[in-house]
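Whatever this is, show me its structure:
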Amino acid sequence: QVQLVDSGGGMVQAGGSLRLSCVASGRSFGGYVMGWFRQAPGREREWVAAINWSDGSTYYADSVKGRFTISRDNVKNMLYLQMNSLNSEDTAVYSCAAGHPAVVGMSREYDNWGQGTQVTVSS
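Below you'll find the model as predicted:
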């Protein structure tokens, strides 16, 4: 059974950085796509970034491109999201996800989810 546990959220001032982590367990993730999504109060869930677990190809939403970096450690089964130059629009609950999406930005195509970690950016 796949289990994802994400962590690393917190409060940071605008312009600051945070690194989120996600521990993946329960199976080998070769062939999977791992993603990060976020949801702010009153807003729909938004795709942030994704990575092909096997070859490391990365994909980013325009809103975070150049500021966020997704990465993975195949040996430790860890997924990361390095977030730099944070602003108030980045405030949300961030969740990692795993699956075989035909479109990496479609949340409904991911099968497994972490519990979420809160990121709050103060201006």
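
how many other residues sit next to Q1?
Q1 has 6 neighbours, counted by other Cβ atoms under 10 Å. No exception for glycine: its C-beta is placed from N, CA and C like everyone else's.

Pull the contacting residues for it.
The neighbours of Q1, taking Cβ atoms under 8 Å, 6 or more residues apart in numbering as the test, are G26.

repeat for L4
By Cβ under 8 Å, 6+ apart, the residues touching L4 are C22, V23, A24, S25, C96, A97, A98, N112, W113, G114.

quick one, phi psi at the residue lying closest to V64 once chain neighbours are set aside?
Closest residue to V64 apart from its sequence neighbours, by Cβ to Cβ, 6 or more residues apart in numbering: V48 at 5.6 Å. With angles defined as degrees, to the nearest 10, V48 sits at phi -110, psi -50.

What score does V48 have for pLDDT?
pLDDT for V48: 98.

Now the most centrally placed residue in the chain: closest residue in space, sequence neighbours ignored.
Ranked by distance to the mean C-alpha position of the chain (Cα atoms, centre = their mean), the top residue is W36 at 2.1 Å. Nearest residue to W36 in three dimensions, chain neighbours excluded: V48, at 4.3 Å (Cβ to Cβ, 6+ apart).

pretty sure the one you found is touching T69, no?
No: V48 is not in contact with T69 according to Cβ atoms under 8 Å; the separation is 11.0 Å.

where do the contact lists of the two overlap?
By Cβ under 8 Å, 6+ apart, the residues touching both V48 and T69 are L81.

who has more neighbours, the two?
Regarding V48 and T69, a neighbour count based on other Cβ under 10 Å identifies V48 as having more, with 25 against 16.

Make a PyMOL selection of whichever of the contacts of L4 turn out to be buried.
Provided next is the PyMOL selection string for whichever of these are buried by 16 or more other Cβ atoms under 10 Å:
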select buried, resi 22+24+96+97+98+112+113+114
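
export the contacts of L4 to JSON lines and tack on secondary structure?
Shown next, in JSON lines, are those (DSSP: H, G, I helix; E, B strand; the rest coil):
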{"residue": "C22", "secondary structure": "strand"}
{"residue": "V23", "secondary structure": "strand"}
{"residue": "A24", "secondary structure": "strand"}
{"residue": "S25", "secondary structure": "strand"}
{"residue": "C96", "secondary structure": "strand"}
{"residue": "A97", "secondary structure": "strand"}
{"residue": "A98", "secondary structure": "strand"}
{"residue": "N112", "secondary structure": "strand"}
{"residue": "W113", "secondary structure": "strand"}
{"residue": "G114", "secondary structure": "coil"}
